[in-house]
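In: Curious how this folds, go ahead:
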Amino acid sequence: MNNNKLASANFLGRGLGFPPSFEKAGGKLPFDIQLVVGSKDIEQSLHILLSTRPGERPLLPDYGCNLDRLIFEPLTVSLISLMKDAIKTAIYRYEPRIVVNSLSIDSDDAVQGRVLIQVDYSIRSNNSRFNFVFPFYRQEGTDIER
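Out: This is a model prediction of the structure:
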């Protein structure tokens, strides 16, 4: 890894891959835990943040985005605004490595039970722009057509 990538990885951090994965190793342990670095770590962090309910983590009880309480509400303009506010607040509080440039919610597939949350963001350390799409499912996935 060259010095620029190493500096970026040190600032952006690295973490366990989500979902956790393992591979055979030649060291003391029978396996190595796979880590993700840089922008991939941020993407996985956003996925975890948006899919975690506040209260699920005992040591960080406020961590998460409370989207699950909105599942059975009618999808109106005010609900979409409430969802955007909850998402922006969660990202602002728990993902300081990025700046949200725009946030949109695509409700075209709401009848099938899926709402797409699109977050366009920039990484603070290097001003790189990325796009993250989170599928929020409003119904159980047994009868959804593709």
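In: contacts, neighbours, all on C-alpha from now
Out: Noted.
In: Which strands and helices lie in contact with the longest helix seen in the chain?
Out: Assignment by DSSP state H gives helix 77-94 as the longest helix of the chain. When contacts are defined as 3 or more Cα pairs under 8 Å, 6 or more residues apart in numbering; DSSP states H and E, helix 77-94 packs onto helix 39-51, strand 98-106.
In: right, so those: which one is the most enclosed?
Out: By mean neighbour count, with neighbours taken as mean count of other Cα atoms under 10 Å, helix 39-51 ranks first of the helices and strands packed on helix 77-94 at a mean of 19.
In: for it, packing partners?
Out: helix 3-12, helix 77-94, strand 129-137.
In: between these, which gets nearest to Gln44?
Out: Closest to Gln44 of the helices and strands packed on helix 39-51 is strand 129-137 (Cα to Cα; 9.6 Å).
In: Can you pull out the residues in contact with the closest one?
Out: The contact list for strand 129-137 (Cα atoms under 8 Å, 6 or more residues apart in numbering) reads 43, 47, 50, 71, 113-123.
In: got it, and stretch 61-79?
Out: Residues contacting stretch 61-79 (Cα under 8 Å, 6+ apart): 48-57, 83, 86-87, 90, 94, 110, 137-139.
In: List only buried entries from those residues.
Out: The neighbour count (16 or more other Cα atoms under 10 Å) marks 48-54, 83, 86-87, 90, 137-138 as buried among the contacts of stretch 61-79.
In: Which entry within the residues you listed corresponds to the minimum pLDDT?
Out: Note: of the buried ones among the contacts of stretch 61-79, the lowest pLDDT belongs to Arg138, at 62.
In: thought Leu103 was touching Leu116?
Out: No. Applying Cα atoms under 8 Å, one finds Leu103 not in contact with Leu116, separated by 10.6 Å.
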